[in-house]
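Participant: Okay, sequence plus prediction incoming.
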Amino acid sequence: MSQTDGPVDRRDVLKLVGAGGIAGLAGCAGGGGGGSSEFPELGNYPVEGDEVVFGFNVPQSGSYSQEGADELNGYNLAMDHLNNGGGWVDGVDALSGDGILDKTVTSVEGDTATDADQARQEAQRMINRDDAIMVTGGSSSAVAIAVQELCQEEKVMFMACLTHSNDTTGSACVRYSFREMFNAYMTGQALAPVLSDEYGSDLNFYQLYADYTWGSTVQSSMQQFLEAEGWTQTNSVATPLGTSDYSSFLADVPRDETDALLLVHYGLDAANSLPQAIEAGLDEDLEVIVPLYNRLMANAARESIDGIFGTADWNWQLENDATQSFVEAFRNEYDKVPSYAARLAYSQTLQYAAAVERAETFYPPEVIRALEDHTYSGFGLGEETMRACDHQAQHDVLVVRGLPEGEQTEDQLLNVVGQTARGDIGYACDAGPASECELGSYGDE
Amino acid sequence: MTLLADVASILLNGLQQGAIFALLGIGLTIILGTMEFLNLAHGALYLVGAYTGMFVFRESTLNSGLLNSAGIESFGLAFGFLAALIIVPLVGLGVGVLMERFVAKPFYDRPETDQLLVTFGLALIVTEVFKAVVGGDTFQPVTPQRILGVSVSGPVTLPVVGAFPKWRLFIVGIAVAVIAATYLLIEKTDFGLVVQAGTHDSEMVRLLGIRIERSYSLVFAVGAALAALAGLIGVSFQTISPQIGTERALVPAFLTIVVGGAGSVPGAIVGGVVLGVVVAAVTQSPFAQWAQIVLYILVALVLVFRPEGIFPGGVGE
C-alpha cells in the first residue's frame, strides 16, 4: 500500500523549515489540532479535548435504510481501525492506529431519510451542536450536493460517499468536498465500448431516466458515449423519482424501432422498472441495460438481472490484496461481505484521517491541500488520484453483468466482466463535468 | 405507434391502474360512508395484505429483522397465488373485525381529529412492526407463472396495442370481479340495505330490531379485506417494503374518493378509473414527469368546482 503526494507538498516544506529551527511554523505546539494552534479558528477548527468527532450522515429510515446501514458499518469499522489499528490502517503510512493526531475518533450519526432537506438539517446539527470536524455520507446525489454546499458555507469538510451524478464534482462542486466514487460520465466511458462490442455498433436506443440530477447526468453521458460508438438515441423520457409502476412508460417504448433500452433508475426505482420491463417481454425484443448497479437493486431484482450489463464502483470479488483484506475485516465484524457503499464509507473516512496526519493539523484548508492531487493505492481499485481541479478521484471502473438466478449466491449476484483502466476513461480538467467546476475558496485566503 | 394504438394503450394501462385505485378507494369509502370514520390506517391494511400475500404466495430470503436474528433465513409458505387470493382477503377480514372492535368502535363518537390521530398512530405501529419482524429489506415483485395450469406470465400480443404483460390483464380481471361483487353486496343485498339505512338513521334501524353494530363490523372488515387484496396484487408487480402503505395505498385511496365522491361505491369505481386513465395519458405524453402533478391538479379542480365529487352522497348520503 502506498501513498504519495502530488508535485507540491506544502507539509513537507513546512517540516523541513521546522527542522531548521523555526519553531511554530511547523505546528510544533502539540499536534496542531488543539487549541494552541498556529492556524486561526475556522469552521469547527480547532478541535478541543482528546476526541475528534466525525458526522456520519446516512439514510437510517425510509427505502434506503439498508444501504445506509451498510455505509454505517463501513464508517464504524473505519473508526475502530483508526483508534485501534487493523484493516487498511495498518498499511497506510500516515495512519497510526492510535486515533488521529493523538485524538480518539468518535462519531455522531444522522438520518438523511434520502431527503436533501433533512440531510442538510442533520449535517447542520452535527456541525453546530456536535462540533463535527468532518461530515460524510450520502446515498443520493441530491443529498450529497445539498450537504456539500452547506459544508462549503460552514467551512467543514465533506467526504462524499455514494453519489454518482456528474454535478457533484461538476457544476455543483465545492472546495470542501471530495468524491471517491466514479461518476456518470465515467460510467458512459466504461460501459459504451463494452455494449458496442457485445451488441454491435449501429443500434437505436431508448432511455427512461429518473427525473433528478443523477438521472439526467447519466442520461446525457450515456447518450454522448453511445452515440460516439455509432448508436442512435430515439428518445429519452424522464420518469418521476419514486415511481413504482412503470407500465405506462414501458408501453410507450417503440419495440420495432428500438434495439436497446436503458433504464437509468437507481436502487428501488430500478427494482421496480427492471422486473416490469422483463415481465412486459421487452428483454425478448431488445437489449436491456442498467447503467449503475447497487446491491439493494441487484438483491431486490435478482430474478430479473440475468445477463444485464451495468457498472459498479467496486466489488468484493476483486482479487487484489486491499479488497480481500477489507472483505476479511468486514466479514469478521459483521458476518457478511461489504457492498461498494461500505467500501466508499470506509475509504473516505481513512482518506480524511490520512490527510489530517499528512497535514499534521485538522485545519481544513491544510487538509484540503493534503488531499488535492494526492496519489494513492491500496483502496481496492489500483492507483488513484484525487484530482485538485475538481476533487474527483480518478480510478478504474468496473463493468458488471447480472448472473443467472441459478448461479447466484446470497453474496454474489453480479459478475465483474471488465475493469476499465483509469487511463482509458477520465477527462481533462477543462473537459467533461470538470469544465463546469468552480471549487470556491479554501477559507484562508 | 398510431393514434389508435396510443389511445388503446392509454385506456388499457389506465384501466389497470384505475382498477387498483378503485379497489383501494372502495375499501376506504365504505368505511367512511357507513360509519363516518376516517381510517388513516388503510395503508397499514394494504401492508398487511402485501406481507401476508408474500408469505403465502412465495418464499423470500430474509437478510435482517427479528426473524432473521432468530436464525430464520427464509420466509414464506410458497403455496402459490391462488391460495393467497383466498387467504389474504380472509386475513384482511379478520384484521378488519379486530380493528373495528378495538380501535374504531371506541372512537365512533369522538371528534374526527381523534380518529385521525389514532389511525395514523396505528399505521406507524404496523409499519414499524413489519420492519422489526421481517426487516427493512425491499422484496422484489414476483409475478405468478401459472394459475390452474394457465400461463399468466410474460407478454401477450393484443390487437392494436401490441405486446402487453399478460399478468396485467389478469390483475384487471381480478380487480373488476372483486369490485363488482362488492358493488352488488352494498347496493343489491339486504345486508347492503341495512348498512345504507343505518347511515341515514342508525337510531331508527336499531328501533326496528336490527343490530346495526354487526353490520358496521362487517363493513369495516370488507373494507379491510379489499385493502389487503390490493396489497396482494401489489406484491405481484411492485416492490414491497414497510414504507409502501401510505404512498401506494392511503394517498391513492384518498384521491380516488375525493374525485369519486366520499361514501359512494360507484364514485370510487369511476374516480379510480378516471385517475388511472389521466395518469396513463400524461405518462404516455411528452410531459411524463408531470403525471403526478396533473393528478393533484385534477383533484384540486374537483375540490374547487365539485367538492362533493362525481357521485355525491352514495352510501354515506
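Facilitator: Received it, and whenever you're ready, just let me know what you need.

Participant: only C-alpha atoms for contact and neighbour calcs from this point on.
Facilitator: Fine.

Participant: Please list the residues of the stretch 301-445 of chain A that sit near chain B.
Facilitator: Proximity of the stretch 301-445 of chain A to chain B is confined to A:301-302 under the rule C-alpha under 8 Å from any C-alpha of the partner chain.

Participant: Would you point out which residue of the stretch 301-445 of chain A is nearest chain B?
Facilitator: A:Ala301 (5.4 Å; C-alpha to the nearest C-alpha).

Participant: for chain A, what helix or strand is lowest in average pLDDT?
Facilitator: The weakest-scoring helix or strand in chain A, judged by mean pLDDT, DSSP states H and E, is helix A:10-19 (a mean of 42).

Participant: after it, next one along is what?
Facilitator: Remark: after helix A:10-19, the chain's next helix or strand is strand A:51-58, criterion DSSP states H and E.

Participant: Which residues outside that next one are in contact with it?
Facilitator: With contacts defined as C-alpha atoms under 8 Å, 6 or more residues apart in numbering or on different chains, strand A:51-58 is touched by A:68-69, A:71-72, A:75, A:103-114, A:119, A:122-123, A:126, A:130-139.

Participant: Could you list the paired strands of it along with their orientation?
Facilitator: Next to strand A:51-58 in the sheet, as set by DSSP bridges, lie strand A:104-111 (parallel), strand A:134-137 (parallel).

Participant: Please identify the most buried of those strands.
Facilitator: Of all the strands paired with strand A:51-58, strand A:134-137 carries the top mean neighbour count, a mean of 29, counting by mean count of other C-alpha atoms under 10 Å in any protein chain shown.

Participant: could I have it exported to CSV, CA atoms only?
Facilitator: What follows is strand A:134-137, C-alpha atoms only, in CSV (Å, rounded to 0.1, in the frame of the first residue of the first chain):
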residue,chain,number,x,y,z
MET,A,134,-15.8,16.3,9.1
VAL,A,135,-19.2,15.2,7.7
THR,A,136,-19.6,12.2,5.4
GLY,A,137,-22.4,10.3,3.9
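
Participant: which outside residues touch the helix or strand just after it?
Facilitator: Next along the chain after strand A:134-137, taking DSSP H and E as the criterion, comes helix A:141-154. With contacts defined as C-alpha under 8 Å, 6+ apart, helix A:141-154 is touched by A:43, A:112, A:114-117, A:119-120, A:123-124, A:127, A:135, A:137-138, A:157-158, A:160-165, A:167-168, A:172-177, A:212-214.

Participant: Neighbour count says what about these? Which are buried?
Facilitator: By neighbour count, with 16 or more other C-alpha atoms under 10 Å in any protein chain shown, these hold A:43, A:112, A:114-116, A:119-120, A:123-124, A:127, A:135, A:137-138, A:157-158, A:160-165, A:167-168, A:172-177, A:213-214 as buried.

Participant: Report the separation between B:Leu226 and B:Leu45.
Facilitator: Separation of B:Leu226 from B:Leu45 (C-alpha to C-alpha, to the nearest Å): 9 Å.

Participant: hey, what's in contact with both of the two?
Facilitator: Residues touching both B:Leu226 and B:Leu45 (C-alpha under 8 Å, 6+ apart): B:Gly92.

Participant: Give the helix, strand or coil label for A:Asn235.
Facilitator: On the three-state scheme (DSSP: H, G, I helix; E, B strand; the rest coil), A:Asn235 is labelled strand.

Participant: was I right about B:Leu193 contacting B:Glu187?
Facilitator: Yes: assessed by C-alpha atoms under 8 Å, B:Leu193 is found in contact with B:Glu187 at 7.0 Å.

Participant: Identify the single longest helix in chain B, thanks.
Facilitator: For chain B, the longest helix by residue count, based on DSSP state H, is helix B:3-35.

Participant: between the next helix or strand after that helix and helix B:3-35, how many degrees?
Facilitator: The first helix or strand that comes after helix B:3-35 along the chain, using DSSP H and E, is helix B:42-57. With axes from the mean of the first three to the mean of the last three C-alpha atoms, to 10 degrees applied, the angle from helix B:42-57 to helix B:3-35 works out at 110 degrees.

Participant: tell me the mean pLDDT for helix B:42-57?
Facilitator: The average pLDDT within helix B:42-57 is 96.

Participant: okay, B:Leu193 and B:Glu187: which has more neighbours?
Facilitator: Shown here are B:Leu193 and B:Glu187; by other C-alpha atoms under 10 Å in any protein chain shown, B:Glu187 has more neighbours (18 against 15).

Participant: can you tell me the helix or strand for A:Leu250?
Facilitator: Using DSSP H and E, A:Leu250 maps to helix A:247-251.

Participant: Give the next helix or strand downstream of that helix.
Facilitator: Where DSSP H and E defines the elements, the next helix or strand beyond helix A:247-251 is strand A:260-264.

Participant: give the contact list for the residue nearest to A:Leu203 when sequence neighbours are not counted.
Facilitator: Take A:Leu203 and drop its neighbours on the chain: the residue closest to it by C-alpha to C-alpha, 6 or more residues apart in numbering or on different chains is A:Trp231, 4.8 Å away. A:Trp231 is in contact with A:201-205, counting by C-alpha under 8 Å, 6+ apart.

Participant: from the residues you listed, which would you call buried?
Facilitator: Among the contacts of A:Trp231, those classed as buried by 16+ other C-alpha under 10 Å are A:201, A:203-205.

Participant: ok, those residues vs B:Ser64, which is closest?
Facilitator: In terms of C-alpha to C-alpha, no member of those lies closer to B:Ser64 than A:Phe205, at 38.5 Å.

Participant: How about the closest one: which residues does it bridge to?
Facilitator: Beta bridges link A:Phe205 to A:Gln233, A:Ala260 when assigned by DSSP bridges.
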